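Asker: Compute the structure for the input listed below.
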Amino acid sequence: MLASIAPRWTRYMRRLHPKQLAFLMLPHREAMYGGAGGGGKSVALLAGALQYVDIAGYGALIIRKTYPQLSQSSGLIPRSHEWLAGTDAKWDEQERIWTFPSGATLKFGHMEHRNSKYQYQGAEYQYVGYDELTAFDESSYRFLFGWLRRPTAGPLSHIPLRMRAASNPGGIGHDWVKRYFVDAGPSPERFFLPASAKDNPSLDLPSYLESLSYLDPVTRAQIMNGDWTARHGGSKFRREWFDIVEVAPPESRFVRFWDLAATFPEEGEDPDWTVGVKLGLHPNGLFYVADVVRFRDTPLTVEAKIRRTAEIDGVGCAVRMEQEPAASGVMTIDHFARTVLLGYDFRGVKTSGAKEERANPVSSASERRQVKLVRANWTTAFLDEIEAFPLGSHDDQVDALSGAYQELAMATRNLLQYVR
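Answerer: Below is the predicted model:
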């Protein structure tokens, strides 16, 4: 194998540590390597891509978010030159592709923008590797499965089809990568192989750990330990501000505020959620998040679920909904008022300003420990989202909470002005 490039290639193969070799031997179609820094993720991806370059027609692709990340001094392109310079493999700088004597190719690409994935449409690969997978959304990862294929006959028909990835925690794709690879556990099709700096004997571990000591605690936990539960909080909410209670006092005044997103989730997509937050204001001035309804579905089903939620809440719970700008927003509110929520205290609410600005009042109230949460199956997801806001991938629950708080606070101000 690899006779034409053996003088340099096999030398580097012998330097692979056991975890990297185990990664190369995985039979799964999908596999992710790493989780912590210093585990040799990039080397494992490159070695995997080069495994079958002696087979005619073999095609491998390694993707990074941006081209400069591939080209930096520690990037995969310089590493590939270190391995392949002086061999019979030929480098095309313009196309960023290695071509081997067998006709096999290894291409380096990037997906800086969501639509960048379409530049690979129509190609054919037997190996696709994503370096730092959490930099990508799920649809960008899944897209290239359409071009992971092989013929039914000939030497190439025996080559395994492999989708490989390496990543640390963090980044815009943290949530879906954690769910897809880490939390899901191993399966016949998918495997997560954790590795850390301690698994890399070629790394100067003491000096690396000393460097990591300068990082903030969250980033250090992510890179040093591969801790997928360590998250950077946003600037608006902290979970310790919220006391957990068993029930919201029934004498509270309640409003259910809806943030609409009538989008049915397609495979590989991560659309917004339709969220209805039920918030209560007690006469003692405390607010209670009594219930959160959160789902994704078709427009017709969204309407049915909103109607059913109103029936459960009862006519004593006001219903409000964010009114989108322009005529379409007016028509949506009119439709809900005349049909879906006929007979309920319902109206649309026009919003203005940035989401962060709208969240400021309820953020301040939360910091004063005026907002309590009812213990329920939605509580953890609610806290995860609001604590990550505005850095998280979703803000639908924050929007609904802000709207409900503003509605109750405004009604209270109006009542006080009337009494005076």
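Asker: and H110, bridged to which residues?
Answerer: Per DSSP bridges, the residues bridged to H110 are R64.
Asker: Would you mind confirming that it is in contact with S116?
Answerer: Yes - H110 lies in contact with S116 (CB atoms under 8 Å); the separation is 6.8 Å. Every residue, glycine included, has its C-beta placed from N, CA and C.
Asker: And the two? Which one has more around it.
Answerer: Taking other CB atoms under 10 Å, H110 and S116 do not tie; H110 has more neighbours (19 against 15).
Asker: Report the separation between the more buried one and D137.
Answerer: 14 Å (CB to CB, to the nearest Å).
Asker: where does the chain have low pLDDT?
Answerer: 1-14, 216-218, 231-234, 262-270, 413-420 (pLDDT under 70).
Asker: just the helices in it please.
Answerer: Along the chain, the stretches classed as helices by DSSP state H are 6-13, 18-25, 41-49, 67-71, 76-84, 138-143, 174-177, 205-212, 217-225, 299-313, 326-335, 355-367, 379-388, 396-419.
Asker: Any chance of a markdown table for the ones you listed, columns mean neighbour count and distance to L161?
Answerer: Shown next, in a markdown table, are these (neighbours: other CB atoms under 10 Å; distance: least, CB to CB, whole Å):
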| stretch | mean neighbour count | distance to L161 |
| --- | --- | --- |
| helix 6-13 | 15 | 22 |
| helix 18-25 | 17 | 15 |
| helix 41-49 | 24 | 12 |
| helix 67-71 | 16 | 23 |
| helix 76-84 | 18 | 21 |
| helix 138-143 | 19 | 14 |
| helix 174-177 | 23 | 21 |
| helix 205-212 | 13 | 35 |
| helix 217-225 | 18 | 31 |
| helix 299-313 | 16 | 36 |
| helix 326-335 | 13 | 44 |
| helix 355-367 | 18 | 42 |
| helix 379-388 | 19 | 35 |
| helix 396-419 | 18 | 36 |
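Asker: how about a markdown table for those, with distance to L61 added?
Answerer: Listed next are the helices of the chain as a markdown table, based on distance: least, CB to CB, whole Å:
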| stretch | distance to L61 |
| --- | --- |
| helix 6-13 | 19 |
| helix 18-25 | 17 |
| helix 41-49 | 8 |
| helix 67-71 | 12 |
| helix 76-84 | 12 |
| helix 138-143 | 12 |
| helix 174-177 | 19 |
| helix 205-212 | 30 |
| helix 217-225 | 26 |
| helix 299-313 | 38 |
| helix 326-335 | 41 |
| helix 355-367 | 37 |
| helix 379-388 | 32 |
| helix 396-419 | 35 |
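Asker: now do the same end-to-end measure for stretch 186-197.
Answerer: Using CA to CA, to the nearest Å, the end-to-end distance of stretch 186-197 comes out at 22 Å.
Asker: From here on, call the first residue 359.
Answerer: All right, first residue 359 from here; so that's stretch 544-555.
Asker: Excluding covalently adjacent residues, which one is nearest to P436?
Answerer: In space, not counting the residues next to it along the chain, P436 is nearest to S429; the distance is 7.1 Å by CB to CB, 6 or more residues apart in numbering.
Asker: scratch that, L519 is what I was asking about
Answerer: Closest to L519 by CB to CB, 6+ apart is L506, at 5.1 Å.
Asker: Okay, that neighbour and G531: tell me how far apart.
Answerer: According to CB to CB, L506 stands 19 Å off from G531.
Asker: so what's L491 up against?
Answerer: M390, Y499, A523, A524, S525, G531, V535 (CB atoms under 8 Å, 6 or more residues apart in numbering).
Asker: From those residues, which land in strands?
Answerer: M390, A523, A524, S525 (DSSP state E).
Asker: could you measure K475 against S554, distance?
Answerer: 31 Å.
Asker: thinking again about what came up before, how many neighbours does the residue nearest to L519 have?
Answerer: There are 19 residues near L506, going by other CB under 10 Å.
Asker: So it sits against P518, correct?
Answerer: No - applying CB under 8 Å, one finds L506 not in contact with P518, separated by 10.4 Å.
Asker: Next, the distance between the ends of stretch 410-425.
Answerer: 24 Å.
Asker: Could you pull out the buried residues of that stretch?
Answerer: 410-413, 415-423 (16 or more other CB atoms under 10 Å).
Asker: Just send the residues you listed back as JSON lines, with distance to P385 too.
Answerer: Formatted as JSON lines, those follow (distance: CB to CB, whole Å):
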{"residue": "Y410", "distance to P385": "14"}
{"residue": "V411", "distance to P385": "20"}
{"residue": "D412", "distance to P385": "20"}
{"residue": "I413", "distance to P385": "18"}
{"residue": "G415", "distance to P385": "22"}
{"residue": "Y416", "distance to P385": "18"}
{"residue": "G417", "distance to P385": "20"}
{"residue": "A418", "distance to P385": "18"}
{"residue": "L419", "distance to P385": "20"}
{"residue": "I420", "distance to P385": "21"}
{"residue": "I421", "distance to P385": "22"}
{"residue": "R422", "distance to P385": "26"}
{"residue": "K423", "distance to P385": "28"}
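Asker: So what touches stretch 374-383?
Answerer: Contacts for stretch 374-383 (CB under 8 Å, 6+ apart): 389, 391, 397-398, 401-402, 405-406, 409, 522, 551, 553, 557-560.
Asker: need the contact list for the residue nearest to E388 when sequence neighbours are not counted.
Answerer: The shortest distance from E388 to any non-neighbouring residue, by CB to CB, 6+ apart, is to R548 (4.3 Å). By CB under 8 Å, 6+ apart, R548 lies in contact with H386, R387, E388, A389, Y538, F539, A542.
Asker: Mind doing that once more with 10 Å?
Answerer: Contacts for R548 (CB atoms under 10 Å, 6 or more residues apart in numbering) come out as H386, R387, E388, A389, M390, M521, Y538, F539, A542.
Asker: Give the buried subset of the residues you listed as a PyMOL selection command.
Answerer: Provided next is the PyMOL selection string for whichever of the contacts of R548 are buried by 16+ other CB under 10 Å:
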select buried, resi 386+387+388+389+390+521+538+539
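Asker: Now intersect the contacts of R548 with the strands, please.
Answerer: Short answer: these in strands (DSSP E) are E388, A389, M390, M521.
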